[in-house]
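S.K.: What shape does this take:
(chains A and B)
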Amino acid sequence: MTQQSRSSFSRSLWTALALAAAPLCALAVTAVHPARDDEVLEVLPAVTRSRPARTASAAPIANPAVAAAQVRRDITVARQTGDTRYWGRAQAVLAPWWDRPGAPPDLAVLQATVQAGRHEFDASRAVLTTALARAPGHAQGWLNLAALERLSARYAEAQLACEAVARAGQAFYAAACRLETQSLQGQHQSAAQGLQALLKQTQDNSQRSWLLSLLAESQERAGSDAAAANAYKSSLALGPDLYTAIAYSDLLLRTGKASQALQALSGLPETDAVLLRRALAWRRLRDTRWTEVRALLQERAAELLRRGDDPALHGRELALTALWLDDDAVRALQLARRNLLLQREPIDWWVAVQSAHQAKNEAALAEIASAMRAAGLHDARLTPIRAGKTLPAAKASK
Amino acid sequence: MTRALRAFMCFGCIVALGVGSAAAHKGSDAYLEVQQVDDSAPAARGGAAVQRDYRFTLAVSIKDLDLLLPIDANADGRVTWGEVKAALPLVLDLLNESANTESRGLLAGNQATAAKCRLDWQFDGIDRRSDGAYLRFVAQARCPAAQVLSFRYTLFREQDATHRLLVAGRVAGKDLLTTASPQQPNSLLLSPGAATGPDNATTVPGTQSSSRWSVSRDYFGLGVRHLLEGYDHLAFLLALVLPLRLSLFASVPRVLPATVAHDSAASVWWALLRTVTAFTIGHSITLMLATFGWTQASPRWVEPAIALSIGVTALLNLRAVRWIRTDALALSFGLVHGYGFAGLLLEAAAPTGLLPWALAGFNVGVEAGQLIAVSGWILLAQPLVGRIWYESAVVRGGSVVLVLLAAWWFWQRIG
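M.R.: Have a look, this model is predicted:
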């Protein structure tokens, strides 16, 4: 009941915000007048290999293996480009099996992946749990579940899922899964050693790139920024990845290297997350283009609302925008706290703590710190603020 | 740290799955703009506009169109202007089929009206939006004002579960702002027809029993509005009731002009009832005959005849002809006016299965409109009916004005 009224309140809040941003929508469209036939109008992230026959009323793919392959391609494109339409395409291919109790576990896991990609974490977890009850040996399913549990800062549950990956016979992935979870819980040293050991086990570039990104994140949480930066660079050199590039740019921005951050962000697809960081970097470099990017982000938020998407699913970017570009710490805190109900990765805590700090909201700061302690997250980026917070409190108690 | 989930597909395929801040683009959208160009299409019938002109603009992303049509003909992942031009005929076919107005159960013999309301998309240019290049198309439509105007959109229904059509514009004097999904079973309601506007994107009534009520209601509204906005029908009614001294208070006027001296007050009201009922019976007969297609009448003679009926009735007020009874006159001219109403109802294209309901609703609506008009006249006439100059100024003066007006309309309509 309260949940409902809260959500209806937040809906109206969002609507108000969108209406405030609505005049910007006029900027959204620019006419293009191509002059030559060989002028490229659009670059497609994926070449369409097969199109539905125009005669029949588009028969869906009936073969689960063929469907799974297409869904994996769509998921890859969605991840590489950040273009949400590819999640919708993956869902359309999965339509015959979507939410069906008898769906093959592979396809149920893919459905959960699509849902997680759209930040529908609760739905994703429910689908995974059901599928894994039927197919307890599905290593990919357990890995995805472990990731979801880590995202929700439920580290004990994440460790259990990692154990199930091991039981499913995927020792290598199970080890990485455990190490990442341990690192979040503060065992930075042993996690780093374990990841180094795993790196020696494989020569596969994409696996090494992935392990290096885990190592980089672990080292960043441990407070070793220089080592983390090197690991990010090595990871990106082995295989470009949108998430890793963004994480690296965050480190650079946090350590005051705005122009290097711009470099790390160059060439990436212009997702909200990328634009947001580019705007912050420009702002720090006193490049006025940052205000244009801010307008574009507002426009996109309005577009999301317009098409009926739930803006709360993008709470992290909205909070960061309010904090970094709008200098509105009070609203950023409001958005960040709501976002913590959805996801609890280190950056989600970070934006909440930063916002509370700038808004000088001691009560919120204490509440966030205590929730973070309860979750068991240990992150060097979050401790200085906690220390700064406890010091005046200790003084006051004397 | 922006990544929590980057697990690998264990089984041979190297797909990294991510959950993180990167995904915050909007999904796939198409944009539809509907503008009502003009509400004053040939108002030959002198009443509510029967046709409305619309301008539709649709923008669809190249990325999405390439899912269904080989826009990227050489499959190199780069769509050139040349490739777009070559694919346009296919795109237009696709749009005409999957993004069009919906005409349901049009009356036989009215295909021409239906065709004018269908969209024939034309390429209009290229737009760049936040998520890429879009092809823009335009189409014109002329649709019956009373018909439920709906838009059927099925583009990418099987290809993208989250594709949306964002609709904006202005129809029937109201702003339209809604979002539709090709997955939804019902068409998008742009204008419910008749007098109401598209305040909500409600579903279009099909031929279920629940829609009988809504069809009757829509056509009732149309009937009321048509009579009240139809100045020629109002003029005719006025010509009929002008000579009747309809006094609500004084049962007997103090000064009785010679023509009505022998009428008691009761018989004046009785005359009113007979006259209005006769008019109703007359136009109901022809309305029904024409709507079911049993008889036909060309507006070419109906329209001037309606003007003529006003003139003749007004002239009879000036110089009575003893053997012409007012109610018989109302009945016979009612037959002519009925053809006028029928033309409107035919163009409004009521759904075939629901035609009796539409007809009933429309007829009752016309009666209600008459009642409102006559009541209005009675109230308006109250300060006048007791006056000594009522006969000379109101009846004779008014009738002269009506004769002149009718002559002018007649001249216009035969021209």
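S.K.: For the chain, give me the ranges with low pLDDT.
M.R.: Reading this off chain A. Low-confidence segments of chain A, defined by pLDDT under 70, span residues A:1-28, A:53-60, A:384-398.
S.K.: hmm, I had chain B in mind actually
M.R.: Ranges of chain B meeting pLDDT under 70: B:1-25, B:38-50, B:103-112, B:192-212, B:249-265, B:343-354.
S.K.: how about the helices of it, start to end?
M.R.: Using DSSP state H, the helices assigned to chain B run over residues B:62-68, B:81-98, B:111-117, B:209-229, B:231-241, B:265-291, B:299-318, B:326-348, B:355-385, B:398-414.
S.K.: okay, those helices in TSV with mean neighbour count next?
M.R.: Where C-beta positions appear, they are placed from N, C-alpha and C, glycine not excepted. Shown next, in TSV, are those (neighbours: other C-beta atoms under 10 Å in any protein chain shown):
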stretch	mean neighbour count
helix B:62-68	23
helix B:81-98	17
helix B:111-117	15
helix B:209-229	21
helix B:231-241	23
helix B:265-291	18
helix B:299-318	20
helix B:326-348	22
helix B:355-385	18
helix B:398-414	17
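S.K.: of all these, which lies closest to chain A?
M.R.: Nearest to chain A, of all the helices of chain B, is helix B:81-98, at 3.3 Å by C-beta to the nearest C-beta.
S.K.: Tell me which other helices or strands the closest one touches.
M.R.: helix B:62-68, strand B:122-129, strand B:132-144 (3 or more C-beta pairs under 8 Å, 6 or more residues apart in numbering or on different chains; DSSP states H and E).
S.K.: What lies in contact with the helix or strand where A:Val127 lies?
M.R.: Per DSSP states H and E: A:Val127 is located in helix A:121-134. With contact meaning C-beta atoms under 8 Å, 6 or more residues apart in numbering or on different chains, helix A:121-134 is reached by A:99, A:101, A:103, A:105, A:108-109, A:111-113, A:115-116, A:138, A:141-142, A:144-145, A:148, A:151-152, A:164, A:342-343, B:19.
S.K.: let's go with 7 Å and repeat that
M.R.: Here helix A:121-134 makes contact (C-beta atoms under 7 Å, 6 or more residues apart in numbering or on different chains) with A:105, A:108-109, A:111-112, A:115-116, A:138, A:141-142, A:144-145, A:148, A:151-152, A:342-343.
S.K.: same question, stretch B:69-78
M.R.: Contacts for stretch B:69-78 (C-beta under 7 Å, 6+ apart): A:40, A:43-44, A:47-48, A:51, B:62, B:65-66, B:79, B:83-84, B:86-87, B:90-91, B:94.
S.K.: Would you mind measuring from the closest residue to A:Ala131 other than its chain neighbours to chain B?
M.R.: Nearest non-adjacent residue to A:Ala131, counting by C-beta to C-beta, 6 or more residues apart in numbering or on different chains: A:Ala108, 3.7 Å away. Distance, A:Ala108 to chain B, using C-beta to the nearest C-beta, to the nearest Å: 14 Å.
S.K.: Just give the number of residues close to A:Ala108.
M.R.: 26 (other C-beta atoms under 10 Å in any protein chain shown).
S.K.: how big is the angle separating the strand or helix carrying it from helix A:121-134?
M.R.: Secondary structure from DSSP H and E places A:Ala108 in helix A:105-117. Using axes from the mean of the first three to the mean of the last three C-alpha atoms, to 10 degrees, the inter-axis angle of helix A:105-117 relative to helix A:121-134 is 160 degrees.
S.K.: what's helix A:105-117 in contact with?
M.R.: A:64, A:67-68, A:71, A:75, A:78, A:87, A:90-91, A:94, A:97-98, A:123-124, A:127-128, A:131, A:134-135, A:138, A:140-141, A:144, A:148, B:5, B:17, B:19, B:23.
S.K.: Quick check on those residues: which are buried?
M.R.: Listed as buried from these are A:64, A:67-68, A:71, A:75, A:78, A:87, A:90-91, A:94, A:97-98, A:123-124, A:127-128, A:131, A:135, A:138, A:140-141, A:144, A:148, B:5, B:17, B:19, B:23; burial here means 16 or more other C-beta atoms under 10 Å in any protein chain shown.
S.K.: Tell me which residue is most central in the chain.
M.R.: Answering for chain A, as no chain was given. A:Tyr243 (7.6 Å; C-alpha atoms, centre = their mean).
S.K.: ah, I was thinking of chain B
M.R.: B:Ala145 (1.8 Å).
S.K.: The residue of the stretch 101-250 of chain A found nearest chain B is in what secondary structure piece?
M.R.: As assessed by C-beta to the nearest C-beta, chain B sits closest to A:Ala147 within the stretch 101-250 of chain A, at 3.2 Å. Per DSSP H and E, A:Ala147 falls inside helix A:139-151.
S.K.: Any part of whatever helix or strand comes next after that helix near chain B?
M.R.: Using DSSP H and E, the helix or strand that directly follows helix A:139-151 along the chain is helix A:155-167. No: residues of helix A:155-167 are not located near chain B by C-beta under 7 Å from any C-beta of the partner chain, the shortest gap being 8.5 Å.
S.K.: near chain B, which residues of the stretch 201-350 of chain A?
M.R.: A:206, A:210, A:217, A:220, A:242-243, A:246-247, A:250, A:271-273, A:296, A:299-300, A:303-304, A:306-309, A:314, A:316-317, A:345-347.
S.K.: Put the buried members of those residues into a ChimeraX selection.
M.R.: Entered in ChimeraX, the line below selects the buried ones among those, by 16+ other C-beta under 10 Å:
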select /A:210,217,220,242,243,246,247,250,271,272,273,296,299,300,303,304,306,307,309,314,316,317,345,346,347
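S.K.: Show only the entries of the residues of the stretch 201-350 of chain A next to chain B found in helices.
M.R.: When those are checked against helices (DSSP H), the matches are A:206, A:210, A:217, A:220, A:242-243, A:246-247, A:250, A:272-273, A:296, A:299-300, A:303-304, A:306, A:316-317, A:346-347.
S.K.: Specify the local secondary structure of A:Gly169.
M.R.: Following DSSP: H, G, I helix; E, B strand; the rest coil, A:Gly169 is assigned to coil.
S.K.: ok, now which ones touch it?
M.R.: A:Ala139.
S.K.: next one: phi and psi at it?
M.R.: With angles defined as degrees, to the nearest 10, A:Gly169 sits at phi 90, psi 10.
S.K.: same deal with B:Ile71?
M.R.: Dihedral angles for B:Ile71 - degrees, to the nearest 10 - are phi -70, psi -50.
S.K.: Could you tell me how many residues sit around it?
M.R.: The burial count for B:Ile71: 25, using other C-beta under 10 Å.
S.K.: Once you drop chain neighbours, what's closest to it?
M.R.: Per C-beta to C-beta, 6+ apart, closest to B:Ile71 is B:Ala87, 4.6 Å.
S.K.: can you check B:Phe333 too?
M.R.: Nearest to B:Phe333 is B:Ser309, by C-beta to C-beta, 6+ apart, at 3.9 Å.
S.K.: domains for the chain, by residue range?
M.R.: Defaulting to chain A. A:186-239, A:241-309, A:321-398 (automatic domain parsing).
S.K.: oops, I was thinking of chain B
M.R.: Looking at automatic domain parsing, the domains of chain B come to B:30-204, B:215-414.
S.K.: Next, format those domains as TSV and append distance to A:Tyr232.
M.R.: Conversion of those to TSV gives the following (distance: least, C-beta to C-beta, whole Å):
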stretch	distance to A:Tyr232
domain B:30-204	28
domain B:215-414	64
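S.K.: could you dump the helices of chain B to a markdown table with distance to B:Leu177?
M.R.: Below are the helices of chain B laid out as a markdown table (distance: least, C-beta to C-beta, whole Å):
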| stretch | distance to B:Leu177 |
| --- | --- |
| helix B:62-68 | 22 |
| helix B:81-98 | 22 |
| helix B:111-117 | 22 |
| helix B:209-229 | 22 |
| helix B:231-241 | 34 |
| helix B:265-291 | 36 |
| helix B:299-318 | 37 |
| helix B:326-348 | 26 |
| helix B:355-385 | 29 |
| helix B:398-414 | 40 |
